[in-house]
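Undergrad: Pasted the sequence and its predicted model underneath.
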Amino acid sequence: MSVILGIESSCDETSAAICADGHILSNVIANQTIHEAYGGVVPELASRVHQQNIVPAVQQALLNANVSKNDVDAVAFTRGPGLLGSLLVGVSFAKAFALAKNIPLIEVNHMQAHVLAHFIGDHKPSFPFLCLTVSGGHTQIVLVKDYFDMQVIGQTLDDAAGEAMDKTSKILGLPYPGGPLIDKYARLGNPDVYRFPEPQIPGLDFSFSGLKTAILYFIRDHVAGDPDFIQKNLNDICASVEKRIATILLNKLERAAKEYGIKDIALAGGVSANTGLRQGLVALCQRNGWESFIPKMEYCTDNAAMIAIAGYYKYLKGDFAGQNIAPLARMPF
Ligand code: KG4
Ligand code: ZN
């Protein structure tokens with residue numbers, strides 16, 4: 001029996017989870033609402049709130065799992081990529097816990113953990129598979145050859161898909177984070193009312209900055225003619241933007257799957273919570289006779305369950321970190 005405590009603190013979610021023999025027993029996520037007032041995550045505030053949240057989150061995760069801290073066999077934590085001050089809180093907590101209990105420490109790459117969230121539960125993809133990882137900071141098509149053998153075969157050259165969602169919502173005057181709100185209004189709108197441009201980027205890479213500018217000018221021009229334009233057409237605008245972003249992502253994913261001859265296709269990261277993208281992936285896979293893998297909602301956005309499951313697979317290999325380990329703001333695979 002192996003009990004892994006997972007810790008996630010790379011951005012603005014403080015999360016703790018317990019994984020026993022590869023099964024998630026608890027996953028506590030403390031969201032930080034303080035950033036709403038600033039229209040984006042303020043790094044210094046994020047790390048201070050992590051400090052307040054980390055001990056209660058871990059206590060709650062142990063309680064929900066009905067596990068004592070003496071039963072924990074290893075602590076897995078997010079080493080990076082992320083905000084350095086935020087990561088530091090999780091890394092320091094994990095080190096202290098491991099030292100106090102004399103148990104191994106396991107470092108986890110946050111982007112690999114998003115992919116490994118697919119190994120929570122029974123519907124697991126088979127290697128090799130493709131994973132489109134779309135979050136606030138990343139947009140990657142990952143060729144997953146094994147648990148820790150992953151290759152980025154396509155990525156964004158500028159903004160991430162989640163950033164495109166969040167910046168669009170800011171242009172529309174919606175609060176941060178805008179992705180879930182775009183999703184909400186898009187459900188009520190017609191996606192074919194407005195046609196935003198699809199960037200022509202060679203290969204499997206993405207670009208979202210041109211789209212963001214096109215949306216900005218589109219809104220500016222329409223609001224100049226009618227100050228209530230956004231209010232009157234919010235649902236259709238959100239539906240049209242969401243459809244464009246989903247189409248850009250799925251077209252490249254389809255191309256990657258055909259180029260690499262892969263039939264198991266997965267979605268990960270915060271933007272994989274998006275309804276249009278989820279439905280689009282299912283339709284794409286049905287059309288091509290591929291199998292789609294989409295994590296449960298709570299495992300899409302940042303969470304410690306994915307860190308704990310990644311930690312579990314490293315635990316099985318005996319892949320442990322030393323007490324001198326430091327967080328990394330940038331951390332390639
Ligand atoms: O993976 P994540 O929780 O944090 C990062 O590592 O960045 O991703 C957060 C991103 C944000 O940009 C947020 O707006 C977006 O995921 N997001 C969504 C939805 N839920 C979260 N975007 C579109 N539709 C959603 N339902
Ligand atoms: Zn993330």
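TA: Now that the structure is in, tell me what you want to look at. Ligands and ions are numbered 1, 2, ... in the order given.

Undergrad: got the contact list for the residue in the stretch 101-250 of the chain positioned nearest to ligand 2?
TA: Ligand 2 sits closest to Ser135 of the stretch 101-250 of the chain, with a gap of 4.2 Å, by CB to the ion. To be clear about C-beta, it is placed using only N, CA and C from the backbone, and glycine gets the same treatment. Contacts for Ser135 were tallied using CB atoms under 8 Å, 6 or more residues apart in numbering; they are 114, 160-162, 269-271, 302.

Undergrad: Now with 7 Å, please.
TA: Neighbour list for Ser135: 114, 160, 162, 269-271 [criterion: CB atoms under 7 Å, 6 or more residues apart in numbering].

Undergrad: Let's have the residues you listed in JSON lines, adding neighbour count and pLDDT.
TA: Listed next are the contacts of Ser135 as JSON lines, based on neighbours: other CB atoms under 10 Å; pLDDT from 0 to 100:
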{"residue": "His114", "neighbour count": "31", "pLDDT": "96"}
{"residue": "Ala160", "neighbour count": "23", "pLDDT": "96"}
{"residue": "Gly162", "neighbour count": "26", "pLDDT": "95"}
{"residue": "Gly269", "neighbour count": "28", "pLDDT": "94"}
{"residue": "Gly270", "neighbour count": "26", "pLDDT": "91"}
{"residue": "Val271", "neighbour count": "30", "pLDDT": "96"}
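
Undergrad: Restricted to helices, list those.
TA: Judged by DSSP state H, those include 114, 162 as members of helices.

Undergrad: Find the nearest non-adjacent residue to the most centrally placed residue in the chain, please.
TA: Residue closest to the mean C-alpha point of the chain, counted by CA atoms, centre = their mean, is Gly269 at 2.4 Å. Spatial nearest neighbour of Gly269, chain neighbours left out: Ser135 (3.7 Å); criterion: CB to CB, 6 or more residues apart in numbering.

Undergrad: Let's see the pLDDT reported for the one you found.
TA: At Ser135, the pLDDT value in this model is 92.

Undergrad: Just send the contacts of Ser135 back as a markdown table, with distance to ligand 2 too.
TA: Below are the contacts of Ser135 laid out as a markdown table (distance: CB to the ion, whole Å):
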| residue | distance to ligand 2 |
| --- | --- |
| His114 | 6 |
| Ala160 | 10 |
| Gly162 | 9 |
| Gly269 | 6 |
| Gly270 | 6 |
| Val271 | 10 |
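
Undergrad: near ligand 1 too, which of the contacts of Ser135?
TA: 162, 269-271 (CB under 6 Å from any ligand atom).

Undergrad: in what helix or strand does Leu267 lie?
TA: Taking DSSP states H and E as the criterion, Leu267 maps to strand 264-268.

Undergrad: looking only at pLDDT, what's the mean for that strand?
TA: On average, strand 264-268 scores 98.

Undergrad: how about the helices in the stretch 1-150 of the chain?
TA: Secondary structure of the stretch 1-150 of the chain (DSSP state H, counting those that start in this stretch): helices located at 43-65, 84-101, 110-116.

Undergrad: Helix 43-65 and the second one, what's the angle between them?
TA: With axes from the mean of the first three to the mean of the last three CA atoms, to 10 degrees applied, the angle from helix 84-101 to helix 43-65 works out at 40 degrees.

Undergrad: what sits against the residue nearest to Phe77 when sequence neighbours are not counted?
TA: With sequence-adjacent residues excluded and distances taken as CB to CB, 6+ apart, Phe77 is closest to Ala94, at 3.6 Å. The neighbours of Ala94, taking CB under 7 Å, 6+ apart as the test, are 7, 75, 77, 105.

Undergrad: Give me the subset of these lying in strands.
TA: Using DSSP state E, 7, 75, 77, 105 are the members of those that sit in strands.

Undergrad: Can you give me the distance of the nearest residue to Gly6 once chain neighbours are set aside to ligand 2?
TA: The shortest distance from Gly6 to any non-neighbouring residue, by CB to CB, 6+ apart, is to Ala308 (2.8 Å). According to CB to the ion, to the nearest Å, Ala308 and ligand 2 sit 15 Å apart.

Undergrad: Check whether Ala308 really touches Ala20, as I assumed.
TA: No. Applying CB atoms under 7 Å, one finds Ala308 not in contact with Ala20, separated by 9.4 Å.

Undergrad: can you count the residues close to Leu267?
TA: A total of 28 residues lie near Leu267 under the criterion other CB atoms under 10 Å.

Undergrad: what sits against the closest residue to it other than its chain neighbours?
TA: Among residues not flanking Leu267 along the chain, Ile294 sits closest, at 5.0 Å (CB to CB, 6+ apart). Applying CB under 7 Å, 6+ apart to Ile294 gives the contacts 267, 272, 278, 281.

Undergrad: Among those residues, which ones are in strands?
TA: Those of those lying in strands (DSSP E): Leu267.

Undergrad: between the contacts of Ile294, which is nearest Asp166?
TA: Among the contacts of Ile294, Ser272 lies closest to Asp166 (CB to CB), at 15.2 Å.

Undergrad: Might you report the residue contacts of the closest one?
TA: 134, 278, 294-295, 300.

Undergrad: Can you tell me what sits against stretch 46-64?
TA: Taking CB under 7 Å, 6+ apart as the rule, stretch 46-64 contacts 5, 9, 11-12, 14-18, 26, 28, 30, 32, 34, 68-69, 83, 85-86, 88-90, 93.
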